[in-house]
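Chemist: A structural model of the following input is requested.
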Amino acid sequence: MKDWRIYARGRDMREIKGGITLPRGFKAAGLKCGLKKSKKDLALLLSEVPARTTALFTTNRIQAAPLKVTKEHLRNGWAQAVIVNSGNANACTGKKGLEDARLMAKITARSLKIREKNVLVASTGIIGRPLPMNKISRGIKELTKRLEGKGGLSAAEAIMTTDTRPKEKAVKFRLKGKEVSIGGMAKGSGMIFPHLATMLSFITTDALIAKGALRKALKDSVDKSFNRITIDGDMSTNDMVVILANGLAENKEIEEKDGDFQTFRKALDFLTSSLARMMVVDGEGTTKFVEIKVKTARSSQEARKAAYSIANSTLVKTALFGEDANWGRIMAALGQAGIKLKEEKIDIRLGRTTIVKDGRAAKFDGDKIKKIMSGENISITVDLKLGKEEAIVWTTDLSEDYVRINSHYPT
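Modeler: Numbers count the residues shown, from 1 in each chain. Okay, the predicted model is just below:
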């Protein structure tokens with residue numbers, strides 16, 4: 001399946017091969033410490049200097065121990081390192097799980113000779129199992145020896161669970177003569193549903209940026225990327241997006257009111273959207289990338305509700321896998337979205353071809369629709385004709401492989 005990417009364009013922004021270690025002053029490493037049978041399962045990210053840091057977390061009411069520790073450590077808005085394990089979520093593990101998450105931070109801090117409060121902790125994997133801290137402790141100590149400026153890919157591999165490929169992206173741009181970089185890595189291929197998903201994403205930048213500007217840029221960017229994807233409508237307990245800005249590009253500090261802020265936002269949006277698309281393309285057992293656009297809704301909230309109702313419909317998703325243009329299922333999903341509709345006004349398009357006009361079947365070329373449905377990238381547009389707002393959601397089809405993967409995933 002092809003990677004459906006977007007590209008940075010123009011002289012002011014360039015897509016660069018790399019990830020979290022592309023920006024100045026960042027090092028990373030990944031290794032196998034024994035949480036998984038044969039793959040890397042422990043990653044470490046380090047900034048040479050403390051970095052201004054902000055994060056967003058899952059809204060699931062049940063949250064894993066590492067999230068709680070990371071939230072505590074981020075109260076002052078600074079961080080210097082992130083330690084991440086895969087293969088074990090350290091969720092629903094009680095007091096011991098919280099102690100283990102704090103111990104991960106402590107061991108990392110001592111090994112790096114930095115403040116414990118400047119270490120963030122993340123975990124992903126199976127829920128309910130205690131962490132094998134003897135393995136993790138040895139792994140952390142070894143990781144600190146392996147840190148390097150080209151270690152981003154190794155770290156991206158180490159945070160994977162059911163992902164089939166590492167996900168990383170980087171971009172460079174200029175701010176008043178200074179070259180600035182943003183790099184990122186992410187994991188996630190199932191249980192993907194806002195706000196955030198079964199996903200972790202770590203973003204680095206050497207930009208010097210004010211605390212409020214960094215927070216706003218991340219929140220707005222996540223709303224336009226990670227918070228518009230869904231694979232199966234489920235939300236996990238461990239999910240976070242973290243951005244560290246160490247200021248080593250030595251640019252003039254970016255404030256919200258500056259023109260430089262818009263340039264920074266554009267680059268960050270490119271990076272997060274690219275990573276979000278990679279997650280959808282790599283969805284568990286998926287064969288198609290699907291963009292659902294609901295337009296002319298009464299409000300952006302109603303447009304989003306309608307788009308997600310379609311995107312999370314099992315009947316719609318299985319029809320997509322079966323390459324069946326079953327518009328009745330789309331209409332049914334719209335009807336259960338919990339928003340006001342006028343059936344007689346609704347139009348639906350597959351690609352550029354209208355299949356529903358004013359709430360009824362439209363005449364269309366069957367061969368053209370068949371070709372659209374057999375493609376790897378499908379767009380569905382729903383025109384409600386009720387207002388001026390719209391929303392876009394990225395999703396996938398649903399195959400037998402999804403059932404196989406998740407029926408064999410242990411608890």
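Chemist: stretch 123-136: which residues count as buried?
Modeler: By neighbour count on 16 or more other C-beta atoms under 10 Å, the buried set for stretch 123-136 is 123-127, 129, 131-132, 135-136. (Glycine included, C-beta is placed from N, CA and C.)
Chemist: then stretch 339-354?
Modeler: Within stretch 339-354, judged by 16+ other C-beta under 10 Å, the buried ones are 339, 341, 346-351.
Chemist: mind putting those in a markdown table, distance to residue 14 and pLDDT included?
Modeler: Output for those, formatted as a markdown table (distance: C-beta to C-beta, whole Å; pLDDT from 0 to 100):
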| residue | distance to residue 14 | pLDDT |
| --- | --- | --- |
| 339 | 41 | 95 |
| 341 | 44 | 95 |
| 346 | 42 | 98 |
| 347 | 39 | 97 |
| 348 | 38 | 97 |
| 349 | 34 | 96 |
| 350 | 35 | 95 |
| 351 | 31 | 94 |
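Chemist: so is residue 183 in a helix, a strand, or just coil?
Modeler: Using DSSP: H, G, I helix; E, B strand; the rest coil, the structure places residue 183 in strand.
Chemist: tell me which residues touch it, please.
Modeler: Residues counted as contacts of residue 183 (C-beta atoms under 8 Å, 6 or more residues apart in numbering) are 18-23, 26, 152, 168-171, 203-205, 271.
Chemist: what's the pLDDT at it?
Modeler: What the model reports for residue 183 is a pLDDT of 98.
Chemist: report how many residues lie close to residue 142.
Modeler: Here the number of neighbours of residue 142 (other C-beta atoms under 10 Å) works out to 15.
Chemist: residues contacting it?
Modeler: Counting by C-beta under 8 Å, 6+ apart, residue 142 touches 31, 33.
Chemist: averaged pLDDT, the host helix or strand of it. What do you get?
Modeler: Under the criterion of DSSP states H and E, residue 142 resides in helix 133-146. In this model, helix 133-146 has an average pLDDT of 97.
Chemist: mind listing the strands for the stretch 251-400 of the chain?
Modeler: Secondary structure of the stretch 251-400 of the chain (DSSP state E, counting those that start in this stretch): strands at 289-297, 347-350, 353-357, 360-361, 377-383, 389-396.
Chemist: any chance you could list what contacts the last one?
Modeler: This points to strand 389-396. Here strand 389-396 makes contact (C-beta under 8 Å, 6+ apart) with 228-231, 276-277, 280, 283, 286-300, 302-304, 306-308, 310-312, 317, 320.
Chemist: let's see 7 Å
Modeler: Strand 389-396 has contacts (C-beta atoms under 7 Å, 6 or more residues apart in numbering) with 228-231, 276-277, 280, 283, 286, 288-295, 297-300, 303-304, 307-308, 311.
Chemist: next, the angle from that strand to strand 377-383.
Modeler: Interaxial angle, strand 389-396 versus strand 377-383 (axes from the mean of the first three to the mean of the last three C-alpha atoms, to 10 degrees): 150 degrees.
Chemist: give the contact list for the residue nearest to residue 383 when sequence neighbours are not counted.
Modeler: Spatial nearest neighbour of residue 383, chain neighbours left out: residue 347 (4.1 Å); criterion: C-beta to C-beta, 6 or more residues apart in numbering. By C-beta under 7 Å, 6+ apart, residue 347 lies in contact with 354, 356-358, 383.
Chemist: can you flag the buried ones in the contacts of strand 389-396?
Modeler: Those of the contacts of strand 389-396 that meet the buried threshold are 228-231, 276-277, 280, 283, 286, 288-295, 297, 303-304, 307-308, 311, by 16+ other C-beta under 10 Å.
Chemist: now the helices for the protein?
Modeler: For the chain, the helices defined by DSSP state H occupy 65-73, 94-112, 133-146, 152-158, 211-223, 259-281, 300-311, 314-321, 327-335, 366-373, 400-407.
Chemist: relative to residue 81, which of these is closest?
Modeler: Residue 81 sits nearest to helix 94-112 of all those, at 5.9 Å, using C-beta to C-beta.
Chemist: which residues touch the closest one?
Modeler: Contacts of helix 94-112 (C-beta under 7 Å, 6+ apart): 44, 46, 65-66, 68-69, 73, 81, 83, 90, 115-116, 119, 121, 130-131, 133, 136-137, 140-141, 144.
Chemist: what comes up buried for that helix?
Modeler: Those would be 97-98, 100-105, 107-109, 111-112, for helix 94-112 by 16+ other C-beta under 10 Å.
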